[in-house]
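1. Okay, here's the prediction I keep looking at, along with the sequence it came from:
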Amino acid sequence: MRATVPVLLALLLVAVMVVAAGIGPYAIAPLEILGAVIRRAGGGEMDAAETVLFQIRLPRVLAAALVGAALSAAGAAYQSLFRNPLVSPDILGVSSGAGFGAVLGILLGLSVAAIQLLAFAGGLATVAVVATLARALRGGDLLVLVLSGIVVGALASAAISLVKVLADPYDQLPAITFWLLGSLAGVTPADVAAVLPFVVVGLLPLVLLRWRIGVLSLGDDEARALGVEAGPLRAAVIGAATLITASAVAVSGVVGWVGLMVPHMARLLVGPRFDRLLPASVLVGATFMVAADTLARSLAQVEVPLGVLTALIGGPTFVWLLARSRRRHLP
């Protein structure tokens, strides 16, 4: 039965994406969407419906799927790596670092592309500082790594608060607040094309090393006995998970709960084995984010910030998942 779960999840993702692409002030039926995709593949001029579909709706739907898949894959990898089901992709401060890079770009009045680039660079730089600090203090010990991430993340959050104090309260501060709450409004095809390679490059090591990552959940001694060197593998997992998390945060802003909650949902479907958990988390995360983003832009006349909506959904859902989970389902 579990072998068919990824196929069913993939079909569900496609169905949700098609429905989401048709929802909005300019409604488009699913059959019209499929027809428009076929016509677009053959070239030619776009009519009004196809312009809305290909320039606004589909880029946003694809971006939501990428962000959900990236955060969920990173969450599953970190939870298996640290053998802790309460670990999220921000454990090493990547979201705080990306947030600082973005708000600094807004304060300096940079373009949207430059702000996204600064957010991406800030996330990667934060984790690099965390890794360097942990190595200097105690040779890269896992507990010291986590504590260093908490400290550096707190410093980045303090820097964000300082930037908010210095920002123009009538222009820059609302933009900073909106970005920190998370949103996919204004996503363009260029944004999707920019983030896709980084997500793919980050996911590739996790997919290729999925068997070895599963062994890490047994502990360093057991992994070493099975011929797996924990140190280099841990560094590769952290690097890959950081890359995809920074890529997601750069395009969507700070969106919480997804990387923490979705791997638990996937475990209920396929169990704790990482080789099964990773694809299930990717598919469930993409589906969840597409559905959440559709709700965010459809619930009210004013768009609900995506981070707020995921927190409202994620909190009660996570409590329910914890109540349903059994010890054998946890890494």
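-> Yep, that arrived.
2. hey, which helix or strand in this structure has the poorest pLDDT?
-> helix 220-225 (a mean of 72; mean pLDDT, DSSP states H and E).
3. Tell me the helix or strand right after that one.
-> helix 230-252 (DSSP states H and E).
4. Output the contacting helices and strands for that next one.
-> Here helix 230-252 touches helix 58-82, helix 94-107, helix 112-138, helix 189-208, helix 210-216, helix 220-225, going by 3 or more CB pairs under 8 Å, 6 or more residues apart in numbering; DSSP states H and E. Quick note: C-beta positions are derived from backbone N, CA and C, even for glycine.
5. With distance to residue 246 and mean neighbour count as added columns, please give these in JSON lines.
-> Shown next, in JSON lines, are the helices and strands packed on helix 230-252 (distance: least, CB to CB, whole Å; neighbours: other CB atoms under 10 Å):
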{"stretch": "helix 58-82", "distance to residue 246": "9", "mean neighbour count": "28"}
{"stretch": "helix 94-107", "distance to residue 246": "6", "mean neighbour count": "27"}
{"stretch": "helix 112-138", "distance to residue 246": "3", "mean neighbour count": "20"}
{"stretch": "helix 189-208", "distance to residue 246": "8", "mean neighbour count": "17"}
{"stretch": "helix 210-216", "distance to residue 246": "20", "mean neighbour count": "20"}
{"stretch": "helix 220-225", "distance to residue 246": "27", "mean neighbour count": "13"}
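6. Check residue 324 and give its pLDDT.
-> Listed pLDDT for residue 324 reads 69.
7. Can you give me the neighbour number for residue 108?
-> Residues within reach of residue 108, counting by other CB atoms under 10 Å, total 12.
8. picking up where we left off before, which helices and strands does the least confident helix or strand of the chain pack with?
-> helix 210-216, helix 230-252.
9. Of these, flag the one that's most buried.
-> When you average the neighbours per residue for each of those (mean count of other CB atoms under 10 Å), helix 230-252 leads with a mean of 23.
10. Against which helices or strands is the following helix or strand past it packed?
-> As assigned by DSSP H and E, the chain's next helix or strand after helix 230-252 is helix 258-270. Secondary-structure packing of helix 258-270 (3+ CB pairs under 8 Å, 6+ apart): helix 5-22, helix 58-82, helix 274-296, helix 306-324.
11. Figure out which of those helices is closest to residue 125.
-> helix 58-82 (17.1 Å; CB to CB).
12. what separates the closest one from the chain centre, distance-wise?
-> 4 Å (CA atoms, centre = their mean, to the nearest Å).
13. hang on, the earlier thing: make a markdown table out of the helices and strands packed on helix 258-270 and add distance to residue 191.
-> Shown next, in a markdown table, are those (distance: least, CB to CB, whole Å):
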| stretch | distance to residue 191 |
| --- | --- |
| helix 5-22 | 16 |
| helix 58-82 | 6 |
| helix 274-296 | 14 |
| helix 306-324 | 15 |
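14. tell me the centre residue of this protein?
-> In the chain, the C-alpha nearest the mean C-alpha coordinate belongs to residue 71, at 2.4 Å (CA atoms, centre = their mean).
15. got the contact list for that residue?
-> 89, 244-245, 248, 255, 258-259, 262, 285, 289 (CB atoms under 8 Å, 6 or more residues apart in numbering).
16. Just say which of the helices and strands packed on helix 258-270 is most tucked in.
-> Scoring those by mean count of other CB under 10 Å, the most buried comes out as helix 58-82, with a mean of 28.
17. What about residue 272, how many residues nearby?
-> 18.
18. Once you drop chain neighbours, what's closest to residue 153?
-> Sequence neighbours aside, residue 93 is the residue nearest to residue 153 in space, at 3.1 Å (criterion: CB to CB, 6 or more residues apart in numbering).
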